[in-house]
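A.B. asks: coords below, sequence missing:
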């Protein structure tokens, strides 16, 4: 997976809260030890503020950020796109005449993601991405991809780069958008997918 950018201020806010929680936790922990006159042997390393912060950050980055609670209180604004999406793609290559079946797999945590789009003739992997949350109508994900055709693909199809933009309405199970490919292909197209997992 690769890092992705977002216009949301949540990353600096969450880091601030995690730092405060880490300091408070360590203060309470050591206060309890002193209260009961507990001293640990030299080979036991008590948690430090940085250690607690690192643990909390890891847990939040991988799991906690997905909880509805954090989205409802607006602490986290980045949508959870993780999962399998299936739908169709229409391309200017054939004047938008055919529906090409596609499958999109999104692997995502709070700071990193990978978008894999597969068709019967090629597979593309995202290399950079950004998620825009400020639009009240929908979230927008834009990513640059590298596409590699299968050995059975048409001879006119080559490895190329391109950009995809998808819109995701809050609590929706659908994403719609478009793509355009690099100078080697010079094609554009529409994408419509639904979340299946």
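C.D. replies: That came through, no problem. Here the structure is a predicted model, which means the values were calculated and not measured.
A.B. asks: Quick one: mean pLDDT over stretch 79-97.
C.D. replies: For stretch 79-97, mean pLDDT rounds to 95.
A.B. asks: Could you number the chain from 39 rather than 1 from now on?
C.D. replies: Sure, I'll start numbering at 39, so the last one becomes stretch 117-135.
A.B. asks: distance between that stretch and the chain's centre?
C.D. replies: 18 Å (Cα atoms, centre = their mean, to the nearest Å).
A.B. asks: what about that stretch, start to end distance?
C.D. replies: End-to-end span of stretch 117-135 (Cα to Cα, to the nearest Å): 33 Å.
A.B. asks: Kindly report the same for stretch 186-204.
C.D. replies: First-to-last residue span, stretch 186-204, Cα to Cα: 21 Å.
A.B. asks: now what about it, what contacts it?
C.D. replies: With contact meaning Cβ atoms under 8 Å, 6 or more residues apart in numbering, stretch 186-204 is reached by 153, 155, 158-162, 165, 178-185, 213-220, 222-223, 229, 231. Where C-beta positions appear, they are placed from N, C-alpha and C, glycine not excepted.
A.B. asks: Name the residues of that stretch that are buried.
C.D. replies: By 16 or more other Cβ atoms under 10 Å, the buried positions in stretch 186-204 come out as 187, 195, 198, 200, 202, 203, 204.
A.B. asks: Residue 218 and residue 185 touch, don't they?
C.D. replies: No: with contact defined as Cβ atoms under 8 Å, residue 218 does not count as touching residue 185 (11.8 Å).
A.B. asks: between the two, who's got more neighbours?
C.D. replies: Set side by side, residue 218 and residue 185 show more neighbours around residue 185, with 22 against 14, by other Cβ atoms under 10 Å.
A.B. asks: Sketch out the helices for this protein, chain order is fine.
C.D. replies: 48-73, 87-100, 106-110 (DSSP state H).
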